[in-house]
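K.L.:
Sequence and predicted model, in that order:
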Amino acid sequence: MNSLQGTIVDIEVSGQLSLVTVEVHPKTFIKAIVVETPESADYLKKGQAINTLFKETEVVIGVGESFHISLQNRITGTIKSMDKGALLGKVVLETQMGEITSIISSSAIDQLKLRNNSPATALIKLNEVMLAKL
Amino acid sequence: MSWEPLILTFKLALVTTLALLTVSIPLSYWLAYSKARIKPIVQTLVSMPLVLPPTVLGFYFLIAFSPNTIFGGWLNEALGIQLVFSFPGLVVASLLYSLPFMVHPIQSGFSGVSNSLREASYLMGKSKLQTLFKVLLPNIKPSLLTGIVLSFAHTVGEFGVVLMIGGNIPGKTKVASIAIYDEVEALNYASANFYSLTLFVITFGILLTVYLINGGHLKKFWK
Amino acid sequence: MINIQIQKQLDGPEGPMLLDLNLQVPMGQLITLYGPSGAGKTTTLKILSGLMQAETGKIMVADSTWLDTSEKICLKPQDREIGYVFQDYALFPNMSVRQNLKFAQPKDKDSGIVQELIQIMELENIQDRKPDTLSGGQQQRVALARALVQQPKILLLDEPLSALDLKIRLKLQDYLLQVHRKYGLTTFLISHDIGEIHRLSDWVVVLEEGSVVRQGSPSEIFINQNLSGKFKFKGEVLHIEKNEVVYIVTVLVHNEVVKIIAQESEVKNLGIGDAVIVASKAFNPIIYKVS
């Protein structure tokens, strides 16, 4: 499980859902959507220290400058290490917030021509991010 | 040779057993459930007849019951009871002598009944007495039967105490075990054999019945 | 309200310990006592029922005082109107099922209740049998029916379902809920089965070493409130296997076996038999009807 610490800077509520914005590094944000509201969960408040958790298998890897895709949670870094199996490969990204691990297909690693020390971006869908109170 | 000593033996055993049962149920109940400090002492006293030679008990009974002592004299004068060399005296002596044979099985029967049975009965609003008769006793029937038979058989087989306190009065205190001794001393082996064989057969029959009942071997005939 | 304040010195599994409780629970609820063995759960029920004595303390049930050591008041078990289902069921072996129920019936109360409970608990076919010829589930039903014949105010259940297999347990939980509601009982249950506690109880009291360490609703007690995963189950690790760059962890959740992909850092501290929580966001699971 990848884990990035931060503080809640914004909460948008609609019905039972909340869209929570967590600042994990100055000017770097992770957004998460949860089936909770500030009324039902006491940790949903601005300024709350929080852990954002997301599974390695949910982390998408992108390379290059700009992508026209819907994923808003984007964290840039450099590839620190790779471990390739027959079908799946593990890519570890070094970022300003710490390491982020991604599991993608081995063929995708080849297709993107990923190399150690080359820049890459980790992208996470906001519904895959869990929040854990610190 | 006569049936008299045999009849006397079984009469003594019957009376003793019935009296013992009445005394032993409350005594065993107390021994099984009480936490009193004097319990070990009572427990020891109850078990003493198991280890003491019967003649020791007989000797002290003889002294205690003799009209010449304070206790014996009081019994004799105030109540008109003479225990030495009499049938009631035999009953009292047998009662004490066979006590452990009745108390031990019943006590272990009580201890073997799960505590929760008693507790459940109390929580249903039943008193201790109701619980004893409706729950405890019906569930320790094998122990009761064992106690009854052991003390009956033990009283039948008594010799030392009876000889000491009862003497050898035909029709009053001359039980089978004494009669056998008598006949052997008189070299009357046929009579001795008659008494011995009868005792053997009857007691064998009684014990066998108990083991059959407690072992459940007779259940198929009841249904 | 039931107000329990009791102290009693006990011999715990790790030497002497003090049972020291201060509990207030509303009437009509189903309260579970939860905690490791030797924490004082059974003792609490025994003191509540009057079968054991507290050294000091007070028990108030509604307006009546059951125990007040300072006033030397201690109501006898016979007068407390408590139905108790023992761990070993405590059925009287010398009586048939119906006689067991009859024995529990108070003289001044409605005699129709025996028949009613025989029907509710489905005991018609076994009512003339002796307890030792019955299966565990049947004995349990008889014990519960018998405890209810008294029409108690308070029902105490000491791990009544722990010895039964899952299918019978689920059925008996239904019976239990049904009668708890029908007769408006206040029920105290000792249980270790978290699924059972979730299904049955309104309130959970966690006991450790003779003291209340936590209390709350079952979901407050058993679900880690600090994690936002909505799809969350307790389970037990059955197997861990490395597969290429990931690990596949096989977990038993209730009686279903599930598999979870995990990273090396996550399985590092996991062993076979460990209790774990399997969690996912509510967004991921797919739901479809099976019948």
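P.N.:
Looks like it arrived, so ask away.

K.L.:
C-alpha from now on. contacts and neighbour counts both.
P.N.:
Fine.

K.L.:
May I ask which helix or strand of the chain has the lowest mean pLDDT?
P.N.:
Picking chain A for this. Ranking every helix and strand in chain A by mean pLDDT, DSSP states H and E puts strand A:130-133 at the bottom, with a mean of 86.

K.L.:
actually chain C
P.N.:
Result, chain C / mean pLDDT, DSSP H and E: helix C:218-222, a mean of 77.

K.L.:
Show me the contact partners of the helix or strand following it.
P.N.:
Next along the chain after helix C:218-222, taking DSSP states H and E as the criterion, comes strand C:231-243. Here strand C:231-243 makes contact (Cα atoms under 8 Å, 6 or more residues apart in numbering or on different chains) with C:223, C:247-254, C:267, C:270-282, C:285.

K.L.:
give me the subset of these touching chain A.
P.N.:
Here is what survives when these are matched to chain A using Cα under 8 Å from any Cα of the partner chain: C:281-282.

K.L.:
The contacts of strand C:231-243 in strands, which ones?
P.N.:
C:247-253, C:275-280 (DSSP state E).

K.L.:
If any of those residues are buried, put those into a PyMOL selection.
P.N.:
Of those, the buried ones go into a single PyMOL selection, burial set by 16 or more other Cα atoms under 10 Å in any protein chain shown:
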select buried, chain C and resi 247+248+249+250+251+252+253+275+277+278+279+280
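
K.L.:
From the ones in strands among the contacts of strand C:231-243, pick the one nearest chain B.
P.N.:
Distance to chain B across the ones in strands among the contacts of strand C:231-243 (Cα to the nearest Cα) is lowest for residue C:275, with 33.9 Å.

K.L.:
Is the closest one bridged to anything, and to what?
P.N.:
Beta-bridge pairing for residue C:275 (DSSP bridges): residue C:236.

K.L.:
ok, it - contacts?
P.N.:
Residues near residue C:275 by Cα under 8 Å, 6+ apart: C:234-237.

K.L.:
okay, the residue nearest to residue C:81 when sequence neighbours are not counted: pLDDT?
P.N.:
Nearest-residue entry for residue C:81: residue C:152, 4.9 Å, with adjacent residues in sequence omitted and distances by Cα to Cα, 6 or more residues apart in numbering or on different chains. Note for residue C:152: predicted pLDDT of 89.

K.L.:
same deal with residue C:223?
P.N.:
At residue C:223, the predicted lDDT confidence score is 63.

K.L.:
likewise residue C:81?
P.N.:
In this model, residue C:81 carries a pLDDT of 88.

K.L.:
do you know how far it is from residue C:151?
P.N.:
Distance of residue C:81 to residue C:151, computed by Cα to Cα, to the nearest Å: 8 Å.

K.L.:
who touches stretch C:114-125?
P.N.:
C:98, C:101-102, C:105, C:127, C:141-142, C:145, C:148-149, C:175.

K.L.:
Among the residues you listed, which one lies nearest to chain A?
P.N.:
Nearest to chain A among the contacts of stretch C:114-125: residue C:175, at 32.7 Å, using Cα to the nearest Cα.

K.L.:
Please give me every residue in contact with that closest one.
P.N.:
With contact taken as Cα under 8 Å, 6+ apart, residue C:175 is in contact with residue C:121.

K.L.:
Look at the residue of chain A most remote from its centre and give its secondary structure.
P.N.:
The centre of chain A is farthest from one residue, residue A:39, which by Cα atoms, centre = their mean lies 25.9 Å away. Following DSSP: H, G, I helix; E, B strand; the rest coil, residue A:39 is assigned to coil.

K.L.:
Could you do residue C:151 as well?
P.N.:
Taking three-state DSSP as the rule, one finds residue C:151 in the coil state.

K.L.:
Give me the neighbour count for it.
P.N.:
Look at residue C:151: counted by other Cα atoms under 10 Å in any protein chain shown, it has 21 neighbours.

K.L.:
what's the neighbour count on residue A:45?
P.N.:
17.

K.L.:
tally of neighbours for whichever residue of the stretch 51-200 of chain C sits closest to chain A?
P.N.:
Of all residues in the stretch 51-200 of chain C, residue C:198 sits closest to chain A, at 19.5 Å by Cα to the nearest Cα. Neighbour count of residue C:198, defined by other Cα under 10 Å: 17.

K.L.:
Against chain B, how distant is it?
P.N.:
Counting by Cα to the nearest Cα, to the nearest Å, the gap from residue C:198 to chain B is 28 Å.

K.L.:
Tell me if that residue really is in a helix.
P.N.:
Yes: Residue C:198 forms part of a helix when assessed by three-state DSSP.

K.L.:
which non-adjacent residue is nearest it?
P.N.:
Nearest to residue C:198 is residue C:218, by Cα to Cα, 6+ apart, at 5.6 Å.

K.L.:
didn't that neighbour look like it was pressed against residue C:200?
P.N.:
No: contact criterion Cα atoms under 8 Å: residue C:218 and residue C:200 do not qualify, at 9.2 Å.

K.L.:
Low-confidence stretches in chain B?
P.N.:
For chain B, the stretches with pLDDT under 70 are B:1, B:216-223.

K.L.:
residues contacting the residue in chain B that chain C sits nearest to?
P.N.:
Using Cα to the nearest Cα, the single residue of chain B nearest to chain C is residue B:125, 3.9 Å away. Taking Cα under 8 Å, 6+ apart as the criterion, residue B:125 is in contact with C:77-79, C:81, C:106.

K.L.:
Mind giving me the ChimeraX command for buried ones among those residues?
P.N.:
This is the ChimeraX syntax for the buried subset of the contacts of residue B:125, where burial follows 16+ other Cα under 10 Å:
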select /C:77,78,81,106
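
K.L.:
how far out from the middle of the chain is the least confident helix or strand of chain A?
P.N.:
How far strand A:130-133 lies from its chain's middle: 13 Å, per Cα atoms, centre = their mean, to the nearest Å.

K.L.:
Which positions in stretch C:197-213 come out as buried?
P.N.:
Under the neighbour-count criterion of 16+ other Cα under 10 Å, stretch C:197-213 has C:197-198, C:200-212 buried.
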